[in-house]
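Chemist: Provided below for reference: sequence and predicted model.
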Amino acid sequence: MTKPSWICGWGMLLAGVLPVAWGQTAPATPPERAAAPSRPAATDRELEGFWPSPRQMELFLLRWTDEATGNYDLDDEQLRRIREQVLQRWPAFFQEHRAQLQPLVNEWFEMRIDMQPPGKERVQAWTERALPMFDEFRTQLKEGADEFRKVLKPTQRARFELEMLQFGVGMQVAEAKLKQWAQGEYREEEFWDPPRSERQRRRAAREGEQAAGDQPPQPPPDQIAQELDRWERYVREFIELYGLDDTQQTTARSCLVELKERAVAHRDRNRDRIDQLEHRVTSGEGDETEIKRQLEELYGPIDTMFTELKSRLEALLTSDQRERAGQAALEKEEQRAEERRQRIEQRRAERERAAQAQPQPQPATGSTGKEAPRPPEQAPPSDE
């Protein structure tokens with residue numbers, strides 16, 4: 001099961017890993033053949049650590065292309081257009097923002113492998129720098145999704161909107177997590193992987209406390225309960241997106257109730273083992289890789305249930321509902337484009353009014369009493 005800490009996994013900043021959640025695709029033309037946007041020269045600090053090469057970026061995007069082709073049954077022309085879009089957008093975005101992104105990624109890795117856990121102030125400072133980039137990244141994803149949507153046929157578009165619901169939930173969780181971190185509310189394991197010596201020290205201290213008769217530690221948060229809350233939100237948004245009638249809504253909610261009951265039963269059967277493993281992850285006890293593998297096995301059935309829920313909801317739809325949802329998505333994208341155009345026109349008008357409101361300079365005169373030559377007029381600001 002996807003855990004909240006993964007949602008905010010800033011490995012996405014390495015090469016834009018999150019675009020895969022949109023079902024976007026990748027370039028046929030290598031990124032190095034595209035015109036590289038200009039940017040200020042990077043400092044030595046910015047160039048330290050991890051950053052994907054143009055070839056690595058190309059391979060990431062090619063992987064996403066392959067995924068989208070199968071998921072949406074794209075024809076050759078659709079594939080060609082989408083590859084061009086992605087190639088034009090993502091390498092340029094990451095190159096333009098490298099000076100902000102690379103230090104964030106590097107510092108996250110540094111905090112992760114440091115010998116001491118990061119303090120509250122450092123986490124807050126990192127998050128305050130990360131939040132604006134998260135907003136920029138989300139804007140790029142939305143614009144990329146709009147481009148992708150235009151290429152799809154109505155039936156493909158309906159499937160895309162369905163998957164966008166799930167992705168939208170993940171982005172909301174990510175934003176909420178970042179805002180918690182900005183307030184200083186974070187769990188140590190979200191930023192720090194204790195070294196072996198620290199894990200051993202903590203294990204010895206915990207055993208000493210238990211031997212002294214202290215209270216056992218509190219159980220970790222119920223990850224499955226949090227996942228079921230996301231199921232609830234997904235079903236509500238599905239009903240709204242496709243305009244389900246009363247009968248369909250009743251069936252959809254019945255599916256949700258049934259699968260939630262199965263998920264809760266699975267959790268209750270395995271609660272002790274889940275709590276034990278989650279506690280070992282947070283305390284740094286044991287082999288972290290093996291512990292996480294066991295947790296994935298325990299959470300795997302929950303993921304399978306959610307996949308079943310999505311399939312059963314999708315089976316409720318009529319062909320008209322699928323087509324209407326796809327058409328509505330296209331109209332919504334056209335409306336957003338018109339709103340963007342109006343905002344550009346508004347900013348242009350505001351600049352012109354501001355320029356007209358500025359007082360005109362009086363001509364200067366020299367010692368001879370003759371008017372000094374005027375400087376050449378400057379061109380109005382560009383709208384680019």
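Modeler: Alright, I've got the coordinates. Numbers count the residues shown, from 1 in each chain.
Chemist: so where's the protein shaky on pLDDT?
Modeler: 1-47, 209-221, 283-284, 329-330, 332-333, 358-384 (pLDDT under 70).
Chemist: now the helices for it?
Modeler: Counting by DSSP state H, the segments of the chain that form helices are 4-7, 12-15, 54-72, 76-96, 98-113, 120-151, 154-182, 196-211, 223-242, 246-269, 271-283, 288-315, 319-357.
Chemist: can you list contacts of stretch 297-316?
Modeler: The contact list for stretch 297-316 (C-beta atoms under 8 Å, 6 or more residues apart in numbering) reads 1-2, 162, 166, 223-224, 227, 231, 234-235, 238, 244, 248, 251-252, 255-256, 259, 262-263, 266-267, 270, 273-274, 277. Just so you know, the C-beta spots here come from the backbone N, C-alpha and C atoms, and that holds for glycine as well.
Chemist: no, scratch that, I was asking about stretch 258-275
Modeler: 219-220, 222-225, 227-228, 231, 295, 298, 301-302, 305-306, 308-309.
Chemist: pull out the buried members of the residues you listed.
Modeler: Listed as buried from these are 220, 223, 224, 227, 228, 231, 295, 298, 302, 305, 306, 309; burial here means 16 or more other C-beta atoms under 10 Å.
Chemist: any idea how far the fifth one lies from residue 274?
Modeler: According to C-beta to C-beta, to the nearest Å, residue 228 and residue 274 sit 14 Å apart.
Chemist: and residue 89, how far from residue 249?
Modeler: Going from residue 89 to residue 249 by C-beta to C-beta gives 37 Å.
Chemist: looking at these two, which is more packed in?
Modeler: Per other C-beta atoms under 10 Å, whichever of residue 89 and residue 249 has more neighbours is residue 89, with 20 against 15.
Chemist: surely that one meets residue 140?
Modeler: Yes: in this structure, residue 89 is within contact of residue 140 by C-beta atoms under 8 Å, at 6.7 Å.
Chemist: wait, residue 145 touches residue 164, no?
Modeler: Yes: the pair residue 145 and residue 164 qualifies as a contact (C-beta under 8 Å) at a distance of 6.8 Å.
Chemist: what's the distance between residue 140 and residue 154?
Modeler: In terms of C-beta to C-beta, residue 140 sits 25 Å off from residue 154.
Chemist: which one of those two is surrounded by more residues?
Modeler: Comparing residue 140 with residue 154 by other C-beta under 10 Å, the one with more neighbours is residue 140, at 19 against 15.
Chemist: for that one, give me its contacts.
Modeler: Going by C-beta under 8 Å, 6+ apart, the list of residues near residue 140 reads 89, 90, 93.
Chemist: quick revisit: of the contacts of stretch 297-316, grab the buried ones for PyMOL.
Modeler: In PyMOL, this line selects whichever of the contacts of stretch 297-316 come out buried by 16+ other C-beta under 10 Å:
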select buried, resi 1+162+166+223+224+227+231+234+235+238+244+248+251+252+255+256+259+263+266+267+270+274+277
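Chemist: if I look at residue 159, how far off is residue 301?
Modeler: Counting by C-beta to C-beta, the gap between residue 159 and residue 301 amounts to 25 Å.
Chemist: before we move on, what about residue 161?
Modeler: To residue 301, residue 161 is 27 Å away according to C-beta to C-beta.
Chemist: kindly report the same for residue 149.
Modeler: Counting by C-beta to C-beta - residue 149 and residue 301 are separated by 33 Å.
Chemist: outline the domain layout of the chain.
Modeler: 12-193, 221-317 (automatic domain parsing).
Chemist: closest to residue 337 out of the ones you listed?
Modeler: domain 12-193 (7.6 Å; C-beta to C-beta).
Chemist: can you get me a residue count around the residue nearest to residue 131 when sequence neighbours are not counted?
Modeler: Once flanking residues are discounted, residue 131 sits nearest to residue 178: 5.6 Å by C-beta to C-beta, 6 or more residues apart in numbering. Look at residue 178: counted by other C-beta under 10 Å, it has 20 neighbours.
Chemist: ok, residue 178 touching residue 134?
Modeler: Yes: using C-beta under 8 Å, residue 178 is in contact with residue 134, at 6.0 Å.
Chemist: how much space between residue 91 and residue 149?
Modeler: Relative to residue 149, and taking C-beta to C-beta, residue 91 is found at 21 Å.
Chemist: more crowded one of the two?
Modeler: Between residue 91 and residue 149, counting by other C-beta under 10 Å, residue 91 is the more crowded of the two (24 against 19).
Chemist: distance of that one from residue 81?
Modeler: Separation of residue 91 from residue 81 (C-beta to C-beta): 17 Å.
Chemist: now do residue 146
Modeler: Taking C-beta to C-beta, one finds residue 146 at 13 Å from residue 81.
Chemist: before we move on, what about residue 307?
Modeler: From residue 307 across to residue 81, the span is 29 Å (C-beta to C-beta).
Chemist: more neighbours, those two?
Modeler: residue 81 (16 against 10).
Chemist: name the nearest residue to that one, ignoring sequence neighbours.
Modeler: Nearest to residue 81 is residue 151, by C-beta to C-beta, 6+ apart, at 5.2 Å.
Chemist: count the neighbours of the one you found for me.
Modeler: When counting by other C-beta under 10 Å, one arrives at 20 neighbours for residue 151.
Chemist: that one and residue 78 touch, don't they?
Modeler: Yes: with contacts counted by C-beta under 8 Å, residue 151 reaches residue 78, the gap being 5.2 Å.
Chemist: who touches stretch 112-128?
Modeler: 104, 107-108, 111, 178, 181-184, 186, 188, 191-195, 198.
Chemist: buried ones in it, by neighbour count?
Modeler: 118, 123, 124, 126, 127.
Chemist: how far is it from where the chain is centred?
Modeler: Put simply, stretch 112-128 sits 21 Å off its chain's centre (C-alpha atoms, centre = their mean, to the nearest Å).
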